[in-house]
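Chemist: what would the 3D arrangement of this be:
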Amino acid sequence: MRAALLLSLVLIAGPAAPAFAKPPLDYQDLPPTALAGVAPFEHLPAVDESATVVVSIKDDPSWRAATFDPVLTNACRLGDFASVPLNPMMVLFAVPGANASAGQGALQIIPPDRRHLLVDLRHLSAPGETYYFEDAAYPTCRVWVENLVRPRKLGTAGTSLPVADPAALKKREAQIKSWPQQSQP
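Modeler: Purely as a prediction, here's the structure:
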């Protein structure tokens, strides 16, 4: 009876593997390849270390490069209009005998033929315009436009800005006042 039980267990479980047998393929190390070591993409830098491309050097101060656009500046600060983070194109402003407060510095540029470097979620760009970015992707972003095609207006539709209609404003205030009040301890 005991031998029959052992025989049935051996037939069901199979023969016992020796201790020095290879583990199943799922648990083996990968075969060695010609690319020994870590793959190059595993140690990418945390910041972009590529060299900037100086498109041009201007002798004017940076604020004379183009027309300051408050609508595009607001959109840039909200992340709706910006230069892609890895845009290497820069314009240098080398005012002779001046310091940074006198307009010397560098701005990111997006010329009309490089629109693939522009993030434009609100479709505010126009053909033929060149955009200059200072502090792109930061809350202090500022945008200048060269060859301004049309002036822009910041509309209140779809934003959190207050509405201009007094009746709509009173309706909104009444709606807010109808919300349940939290009791004070």
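Chemist: helix, strand or coil for residue 76?
Modeler: helix (DSSP: H, G, I helix; E, B strand; the rest coil).
Chemist: can you tell me the closest non-neighbouring residue to it?
Modeler: Counting by CB to CB, 6 or more residues apart in numbering, residue 141 is the residue found nearest to residue 76 once chain neighbours are left out, at 3.9 Å. C-betas here are computed from N, CA, C, even on glycine.
Chemist: measure the one you found to residue 78 for me?
Modeler: Distance of residue 141 to residue 78, computed by CB to CB, to the nearest Å: 9 Å.
Chemist: between these two, which has more neighbouring residues?
Modeler: Counting neighbours by other CB atoms under 10 Å for residue 141 and for residue 78 shows that residue 141 has the greater number, 21 against 14.
Chemist: OK, contacts around that one?
Modeler: Contacts for residue 141 (CB atoms under 8 Å, 6 or more residues apart in numbering) come out as 73, 76, 77, 82, 133, 134, 135.
Chemist: ramachandran coordinates for residue 54?
Modeler: Residue 54 adopts backbone torsions of phi -80, psi 110, taken as degrees, to the nearest 10.
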